[in-house]
Structure formats: structure tokens, C-alpha cells
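Peer 1: Need the 3D shape of this:
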Amino acid sequence: MRAHVNLLGILQATWGGMGLLLAGSLVLLAGSAAAIARVSADPLTAVFTSVLFVFFAGALGVAGWANAWSGRAVRAHKPQGRTLALALAILNLFVLPFGTALGIYAFWVLLHNDSRALFEPGTQGAA
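Peer 2: Alright, predicted model coming up:
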């Protein structure tokens, strides 16, 4: 199970990195919408769009950072990483199709008895 835990950590960190990249692209789109608002005769729609982009960029940034951090913590066999990865797996289930697959894989790996032993404080090198 050690190989599966390591792979899950890599996948979780990669998923977080993708979320951070998407958040960055939404920030750029928000800037473009704000620029359109400055030259538009009716700027309300562009301002609303810009605010929505910033809101979703913030949410994706937080989720991306949490996924990336939990991926690194899972690879280091930290109990907090396992707990956070399980919590994020619930949220990832709703992100079709890749988040769903990652969430199911996270449940399968992290709830297995052999992988639980990896995250117990006194048995970092066992299993």
C-alpha cells in the first residue's frame, strides 16, 4: 500500500497544482473583464463578471492549495494530511470526472488497514 499512498500524494498535489493554475487564469480573465468595464458604455455586466471571476479564483486557489498541501503531507505520511485528504475527497467527488476518480481512489487508499498503519505516529517506517 505504500506505493498507492505515494501515488495518491502525487495525484493530489498535481490536482492542487491544476487548481492553482486555473485560479491564476481566472484572475487574468477578471482583469480582462475589468478592462472591458472601463471602455464599455454599460459597465455593470463586465464588473459583475469580473467580481465573479475573482470570487471563483479565490475559491479555486484555496482548494488548489489545500489539495497540494495534503498531497505533500500524504507522501510524508503525516496524519493531518490523511485527514485533510479524506475531507477533500468528499468535495472532489462532485468535480466530474477527474475529481470523482481521485476521491474514490483516495477513499480506497486511505481507508485501507495497511495504509492506516503508515499514518500512525509510532510506526512511520513500518508496513
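Peer 1: distance of residue 26 from residue 20?
Peer 2: Taking CB to CB, to the nearest Å as the measure, residue 26 and residue 20 are separated by 11 Å. Backbone N, C-alpha and C define where each C-beta goes, glycine included.
Peer 1: Report the set of residues contacting both of these two.
Peer 2: residue 60 (CB atoms under 8 Å, 6 or more residues apart in numbering).
Peer 1: Could you export stretch 69-84 as CSV, CA atoms only?
Peer 2: Listed next in CSV are the C-alpha coordinates belonging to stretch 69-84 (Å, rounded to 0.1, in the frame of the first residue of the first chain):
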residue,chain,number,x,y,z
TRP,A,69,-0.6,20.6,0.7
SER,A,70,-2.5,17.4,1.5
GLY,A,71,-0.7,15.7,-1.4
ARG,A,72,2.7,16.6,0.1
ALA,A,73,1.6,15.6,3.6
VAL,A,74,0.2,12.2,2.4
ARG,A,75,3.5,11.4,0.8
ALA,A,76,5.3,12.3,4.1
HIS,A,77,2.8,10.1,6.0
LYS,A,78,1.5,12.9,8.2
PRO,A,79,-1.8,12.1,10.0
GLN,A,80,-3.1,15.6,9.3
GLY,A,81,-2.5,15.1,5.5
ARG,A,82,-4.5,11.9,5.7
THR,A,83,-7.4,13.6,7.4
LEU,A,84,-7.4,16.6,5.0
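Peer 1: List the buried residues in it.
Peer 2: Under the neighbour-count criterion of 16 or more other CB atoms under 10 Å, stretch 69-84 has 69, 70, 71, 72, 73, 74, 75, 77, 78, 81, 82, 84 buried.
Peer 1: Next: stretch 106-125.
Peer 2: 106, 109, 110, 115, 118, 119.
Peer 1: can you check stretch 22-29 too?
Peer 2: Of the residues in stretch 22-29, those with enough neighbours to count as buried (16+ other CB under 10 Å) are 22, 23, 26, 27, 29.
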